[in-house]
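Colleague: the sequence isn't on hand, but the structure is:
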């Protein structure tokens, strides 16, 4: 559970950084970066299952977009409760949601593979 949490935090950090570096209308205060990542990750972890359940019950057509929708809502709430994240303009909101969702999804899939590979290589080096 701790490893999964660390992977989610790292994936969120990577996603938020990529969006910040890509979009002029998005800013993350460096001193608040960790709190922004933690708030966003907790919100994303809570919102995704909630939105999926609500979509399955009330709007099954939205199920494919649950991750994207929960990313948008997590960004919105994070921006509202944290002074460390600002997103300006409708297009920036849409693109930030898309970039953070896509990069976070890829990082969540790839980070465990990279960590296992590093662990295997480290174990081999210790044997030799």
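Modeller: Sure thing, it's come through. Keep in mind that what you see is a predicted model, and the values were worked out from it rather than measured.

Colleague: mind telling me what element residue 12 is part of?
Modeller: helix 2-22 (DSSP states H and E).

Colleague: my error: substitute residue 24 in the last question.
Modeller: Taking DSSP H and E as the criterion, no element holds residue 24; it sits outside all helices and strands.

Colleague: same check on residue 92?
Modeller: Secondary structure (DSSP H and E) places residue 92 in helix 90-127.

Colleague: which elements pack onto that helix?
Modeller: When contacts are defined as 3 or more CB pairs under 8 Å, 6 or more residues apart in numbering; DSSP states H and E, helix 90-127 packs onto helix 2-22, helix 66-81. Backbone N, C-alpha and C define where each C-beta goes, glycine included.

Colleague: report the buried residues of the worst-scoring helix or strand of the chain on mean pLDDT.
Modeller: One helix or strand of the chain scores below all others by mean pLDDT, DSSP states H and E: helix 33-58, with a mean of 88. The neighbour-count criterion (16 or more other CB atoms under 10 Å) identifies 33, 35-37, 39-44, 47-48, 51-52, 55 as the buried residues of helix 33-58.

Colleague: and which of those is nearest residue 120?
Modeller: Distances from the buried residues of helix 33-58 to residue 120 were compared by CB to CB; the smallest belongs to residue 41, at 27.1 Å.

Colleague: the closest residue to residue 40 other than its chain neighbours: neighbour count?
Modeller: Spatially, and ignoring its direct neighbours in sequence, residue 40 is nearest to residue 78 (4.6 Å; CB to CB, 6 or more residues apart in numbering). The number of residues packed near residue 78 is 25, by other CB atoms under 10 Å.

Colleague: state the distance from residue 78 to residue 72.
Modeller: The gap separating residue 78 from residue 72 is 11 Å, by CB to CB, to the nearest Å.

Colleague: how far away is the residue nearest the centre of the chain from residue 91?
Modeller: Most central in the chain under CA atoms, centre = their mean is residue 12, positioned 3.2 Å from the mean C-alpha point. Summarising the geometry, the distance separating residue 12 from residue 91, computed by CB to CB, is 22 Å.
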